[in-house]
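A.B. asks: After the sequence you'll find the predicted model.
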Amino acid sequence: MSRTLAGSPDFLQEDLSNHYSVEHGRTEERCRGRQRIVDNRQATPYDQIVEIRSFRHKGLKRFYELGDQKGIPGDLVAKVRGMFAVLDRMSDVLELSAWPLWKVHQLSGGRKDTWSLHITRNWRLTFRVEEDQLVDVDFEDYH
């Protein structure tokens, strides 16, 4: 499957399919610009790439798939594009802790399975994680 992030810089516009070569129980995997050697005898589910499966916000989906900025405030476009670039390349949601300005956290109460990324004072990018996929990705003001 070939997929690119619409409107992203040239270094992100690449074929995102997997390339494998097997030799003596090891796999050389090239996926989304990353190259790593995986010992197949010790492979874990953490060796997978997280993918976005569904959106709740129509404007966010259109922005992600087509680069159409309608529905996203103009001053937030660059930050949201950067967040999608990171989300597209992460293998585990805990990798987001490397971005402290995004104030990554899980919500509590009735939304305890939902993760939140800080965009501005009121706006957040929220999503849930199910089977190494991001679902219900939303652009919301929940305060």
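C.D. replies: That came through, no problem.

A.B. asks: contacts, neighbours, all on C-alpha from now
C.D. replies: Noted.

A.B. asks: Give me the helices and strands touching the longest helix seen in the chain, please.
C.D. replies: Secondary structure of the chain read by DSSP state H shows that its longest helix is helix 77-89. Applying 3 or more CA pairs under 8 Å, 6 or more residues apart in numbering; DSSP states H and E, one finds that helix 77-89 contacts strand 51-52.

A.B. asks: Tell me which strands the strand it packs on pairs with, and in which orientation.
C.D. replies: Sheet neighbours of strand 51-52, with direction, are listed as strand 133-141 (parallel) (DSSP bridges).

A.B. asks: For the strand it pairs with, which outside residues touch it?
C.D. replies: Strand 133-141 is contacted from outside by 50-57, 60, 122-129, using CA atoms under 8 Å, 6 or more residues apart in numbering.

A.B. asks: In it, which of the residues would be classed as buried?
C.D. replies: Within strand 133-141, the residues that count as buried by 16 or more other CA atoms under 10 Å are 133-139.

A.B. asks: and the residues you listed, which two are the farthest apart?
C.D. replies: Taking CA to CA, the two most distant members of the buried residues of strand 133-141 are Q133 and F139; they sit 17.4 Å apart.

A.B. asks: any idea where the helices of the protein begin and end?
C.D. replies: Assigned by DSSP H, the helices in the chain fall at 58-66, 77-89.

A.B. asks: in the last one, what counts as buried?
C.D. replies: Just to be clear, that refers to helix 77-89. Neighbour count says helix 77-89 has 80-81, 83, 85, 87-89 buried, by 16+ other CA under 10 Å.

A.B. asks: pLDDT on the longest helix of the chain, on average?
C.D. replies: For helix 77-89, mean pLDDT rounds to 92.

A.B. asks: cool, and stretch 133-143?
C.D. replies: What stretch 133-143 shows for mean pLDDT is 88.

A.B. asks: returning to that earlier point: which one of the buried residues of helix 77-89 is nearest R111?
C.D. replies: R111 lies nearest to L87 out of those, by CA to CA, at 20.3 Å.

A.B. asks: Go ahead and confirm that closest one touches V50.
C.D. replies: Yes. Judged on CA atoms under 8 Å, L87 makes contact with V50 at a distance of 7.5 Å.
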